[in-house]
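S.K.: Attaching a predicted model along with its sequence, questions to come.
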Amino acid sequence: MANLQKIRDGKRTYAITPHIPGGFITPDQLIRIGEVTKKYKGVLKLTSGQRILITNLQAEDIPYIWEELGMEPAVREQNSIKNVEMCPAAFCKRSKVNSISIGMKLSRKYQWEEMPCRTKIGVAGCLNACGSVYSKDIGVIGDKEGYKIIAGGSAGYHPRMADTLVTGLTEKEALEYVDKLIKVYKEKADPGEKLGFFIDRIGLGHFIRLIQEV
């Protein structure tokens with residue numbers, strides 16, 4: 001429920017990251033986070049994953065902080081779907097489709113699901129693909145012609161641009177395709193193998209065929 005932070009002068013402090021679906025948070029939730037953080041002398045950090053990190057916390061306070069927040073942790077297991085990041089879509093003048101709908105459906109279905117390796121999903125409502133969708137393990141990008149599914153992106157020690165798997169899908173078809181993609185990855189990848197490395201190992205064409213066969 002908490003991560004050990006950098007140890008300074010032998011003092012240990014911890015951090016927590018509440019789950020904020022799609023990065024959308026209500027004013028009341030934001031106020032509560034601020035009040036609880038202030039009470040326990042924490043420090044707030046907006047993360048690149050559209051979440052709020054609360055750090056500089058004491059170990060003995062962690063259970064009380066979670067209880068007072070009334071929120072779920074963003075990550076429960078390391079090798080799981082860590083989050084579904086999405087652009088503002090319906091609120092953005094550049095968006096071509098309201099991708100918040102499909103993003104929230106993916107978040108509700110897959111958040112915390114066990115995977116071969118840590119996995120991030122990105123969703124965008126236009127080809128600008130805000131939120132670095134091409135660096136995510138799985139990406140869903142909306143356009144006038146339909147949804148495009150990409151996979152295998154990574155921004156870690158071994159950067160990799162995601163590969164395009166299919167284009168021109170309806171929302172329903174895109175959701176079904178992501179279902180099949182995840183099924184293949186979970187069944188065929190080695191433990192600890194990132195999706196991009198799995199694609200490189202078996203070949204992009206073979207990966208797409210396996211998805212089509214599901």
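M.R.: Perfect, thanks for sending it.

S.K.: my guess is Tyr14 meets Glu60, correct?
M.R.: No - using C-beta atoms under 8 Å, Tyr14 is not in contact with Glu60, being 9.9 Å away. In short, each C-beta sits where N, CA and C put it, glycine included.

S.K.: out of those two, which sits in the busier spot?
M.R.: Tyr14 (20 against 8; other C-beta atoms under 10 Å).

S.K.: Model confidence score at that one, please.
M.R.: Tyr14 is assigned a predicted lDDT (pLDDT) of 96.

S.K.: Near the nearest residue to it once chain neighbours are set aside, how many other residues are there?
M.R.: The shortest distance from Tyr14 to any non-neighbouring residue, by C-beta to C-beta, 6 or more residues apart in numbering, is to Ala2 (4.1 Å). Using other C-beta under 10 Å, Ala2 is surrounded by 20 other residues.

S.K.: same deal with Pro27?
M.R.: 7.

S.K.: buried ones in whichever helix in the chain runs longest?
M.R.: Secondary structure of the chain per DSSP state H: the longest helix is helix 171-188. Within helix 171-188, the residues that qualify as buried are Glu171, Ala174, Leu175, Tyr177, Val178, Leu181, Ile182, Val184, Tyr185, counting by 16 or more other C-beta atoms under 10 Å.

S.K.: Excluding chain neighbours, what is closest to the residue most central in space within the chain?
M.R.: Geometric centre of the chain, nearest residue: Asn83, 2.3 Å, by C-alpha atoms, centre = their mean. Nearest non-adjacent residue to Asn83, counting by C-beta to C-beta, 6+ apart: Gly49, 5.2 Å away.

S.K.: can you tell me which residues contact that neighbour?
M.R.: Gly49 makes contact with Ala74, Lys82, Asn83, Glu85, Lys120, according to C-beta atoms under 8 Å, 6 or more residues apart in numbering.

S.K.: Contacts only, for Arg160.
M.R.: Ser135, Gly152, Gly153, Ser154, Gly196.

S.K.: now, which of those lie within helices?
M.R.: Per DSSP H, those map to helices at Gly196.

S.K.: Adding pLDDT, write the contacts of Arg160 out as CSV.
M.R.: Listed next are those as CSV, based on pLDDT from 0 to 100:
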residue, pLDDT
Ser135, 96
Gly152, 98
Gly153, 97
Ser154, 95
Gly196, 97
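
S.K.: out of the contacts of Arg160, which are buried?
M.R.: Burial by neighbour count, judged by 16+ other C-beta under 10 Å, picks out Ser135, Gly152, Gly153, Ser154, Gly196 from the contacts of Arg160.
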